[in-house]
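Novice: curious how this folds, go ahead:
(2 chains)
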Amino acid sequence: MNDKEHLLAIFCQSVRHPQVSGFEVLELLDTRSTLARREEELSEEQRKALEAADEVFLKHASQLYESVAHVANLEEMRKRAAVPPSHWWWYLEKLRLAERVAL
Amino acid sequence: MVNEGDVQLHRNEAAATVRALRQRVRWKPGKATAHLEKRKTLGHLSSEVAVEDYNRLIGDLVKGEGHQVYLYCFGSERYYAMRGIANGVEWLVIATRAGIVETAFPPNTMDDYLNKRGFILLGTIQEVLT
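Specialist: Reported below is the predicted structural model:
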């Protein structure tokens, strides 16, 4: 398994564990950002796997946010990591609000 | 932001955290199993590993005198993190100042992870214990 496949596998599995620790959710967000930077290298099958994992991520947005909020301020973390606005997964506080509106 | 004058306080707290973890690895209720299952799913630990084995790995990491200790502050909360190698993999153990494990996992890129989060290096385990 190469590095790209490894990161994708890690992301796909990690989204299924939203309540383990906010410190690990931050790692999850980093992993997603790394995958975004390498998105052009992904095969069609890998893109589908990433889309499916993103769906799971969105379903767990509230839980992921709660985990992070316990140990970090997301806005500060975004600044520290120089997160671009296009990396939507870093905006969990907004995603969970959107989730509530949808419900 | 940590003042220079607080460094000794944090080293003392870090020492207490290390000693507590060396005595007994403690998790929040019900968390040990959830963490272990994630470690297995991600391939960080093999499928036959039990909570006791996971705790032993954490115990070994906090026994490494040369392993580095970091401080992480969030509001009034302070966490202490121990960074070390076990079975050829670099792990990060993060615990509350009361010595309760928050998590123990191998970040993909350790330095990047610590720098982006604002972890502050306090020294080696040996240094904080003396």
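
Novice: and the gap between residue A:74 and chain B?
Specialist: In this structure, residue A:74 and chain B are 12 Å apart, going by CB to the nearest CB, to the nearest Å. C-beta coordinates here come from the backbone N, C-alpha and C atoms, glycine included.

Novice: an error on my part: the question was meant for residue A:89.
Specialist: 15 Å.

Novice: next up, the contacts around that residue.
Specialist: A:29, A:32-33, A:54, A:57, A:95 (CB atoms under 8 Å, 6 or more residues apart in numbering or on different chains).

Novice: again, only using 7 Å
Specialist: A:29, A:32, A:57 (CB atoms under 7 Å, 6 or more residues apart in numbering or on different chains).

Novice: from the residues you listed, which is closest to chain B?
Specialist: residue A:29 (9.9 Å; CB to the nearest CB).

Novice: most surrounded residue in the contacts of residue A:89?
Specialist: Neighbour counts for those, by other CB atoms under 10 Å in any protein chain shown, peak at residue A:29, which reaches 26 neighbours.

Novice: hang on, that one in a strand?
Specialist: No. Residue A:29 is assigned helix when assessed by DSSP: H, G, I helix; E, B strand; the rest coil, not a strand.

Novice: give me the element residue A:8 is part of.
Specialist: Taking DSSP states H and E as the criterion, residue A:8 maps to helix A:3-14.

Novice: which other residues reach that helix?
Specialist: Under the criterion CB under 7 Å, 6+ apart, residues A:28, A:31-32, A:34-35, A:38, A:41, A:46, A:49-50, A:53, B:41-42 lie in contact with helix A:3-14.

Novice: kindly report the same for stretch B:61-74.
Specialist: A:71-72, B:2, B:10, B:14, B:18, B:21-22, B:78-84, B:86, B:91, B:93, B:114, B:117-126, B:128.

Novice: please pick the buried ones from these.
Specialist: Neighbour-count burial (16 or more other CB atoms under 10 Å in any protein chain shown) applied to the contacts of stretch B:61-74 gives A:71-72, B:10, B:14, B:18, B:21, B:78-84, B:86, B:91, B:93, B:114, B:117-119, B:122, B:124-125, B:128.

Novice: show me what the helix or strand harbouring residue A:55 is packed up against.
Specialist: Element membership of residue A:55 [criterion: DSSP H and E] is helix A:44-59. Packing partners of helix A:44-59 (3 or more CB pairs under 7 Å, 6 or more residues apart in numbering or on different chains; DSSP states H and E): helix A:3-14.

Novice: got the angle for the helix it packs on vs helix A:44-59?
Specialist: 30 degrees (axes from the mean of the first three to the mean of the last three CA atoms, to 10 degrees).

Novice: where does chain A have low pLDDT?
Specialist: A:1, A:99-103 (pLDDT under 70).

Novice: burial of the residue of it found nearest chain B, as a residue count?
Specialist: Chain B sits closest to residue A:21 of chain A, with a gap of 3.8 Å, by CB to the nearest CB. By other CB under 10 Å, 24 other residues sit near residue A:21.

Novice: what's the closest non-adjacent residue to it?
Specialist: residue B:103 (3.8 Å; CB to CB, 6 or more residues apart in numbering or on different chains).

Novice: surely the one you found touches residue A:25?
Specialist: No. Look at residue B:103 against residue A:25 with CB atoms under 7 Å: they stay out of range, at 10.1 Å.

Novice: brilliant, that's me finished.
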